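Participant: Just to be clear, the model below is a prediction. Sequence and coordinates:
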Amino acid sequence: MQSKRRAMQWRRKAAENGHPDSCLHLADQMYGDHSYAREVGHVGEAAGVATSARVTDGHDIPPDVMTGVLHWLREGGHNPFDVLRRLRK
């Protein structure tokens, strides 16, 4: 588990530097029920990401996790609607 957390920390560093694939991977791992990813990828309310019912409908993940997922998708230049539709399947 420590190695997964460490790998996710490196993934977040890459995401913070705007690497699109790292942003997508981090969001994907957060969306799945991976505690290490949710810990490392957490952004809090300071990220200023608005979550609307239109985006979150049909997704059964906690609001704070959805905030992080949306943050990383947007940071990577990904369309949240398209990605969330794929993740929900």
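Facilitator: Alright, I've got the coordinates. Residues are numbered from 1 along each chain as shown.
Participant: quick one, longest helix in this structure?
Facilitator: Using DSSP state H, we find that the single longest helix of the chain is helix 2-16.
Participant: Contacts for it next, please.
Facilitator: Here helix 2-16 makes contact (Cβ atoms under 8 Å, 6 or more residues apart in numbering) with 22-23, 25-26, 29, 34, 36-37, 39-41, 72, 75-76. Where you see a C-beta, it was placed from the backbone N, CA and C, and this is true even at glycine.
Participant: hey, where'd the strands end up in this structure?
Facilitator: Counting by DSSP state E, the chain has no strands at all.
Participant: Could you pull out the helices in the protein for me?
Facilitator: Under DSSP H, the chain gives helices at 2-16, 20-31, 35-41, 53-56, 63-75, 80-88.
Participant: rank those helices by mean pLDDT and give me the bottom one.
Facilitator: Confidence, taken as mean pLDDT, is least for helix 53-56 of those (a mean of 66).
Participant: that older thread, mean neighbour count for the helices of the chain - can I get that in TSV?
Facilitator: What follows is the helices of the chain, written out as TSV (neighbours: other Cβ atoms under 10 Å):
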stretch	mean neighbour count
helix 2-16	15
helix 20-31	21
helix 35-41	19
helix 53-56	12
helix 63-75	21
helix 80-88	15
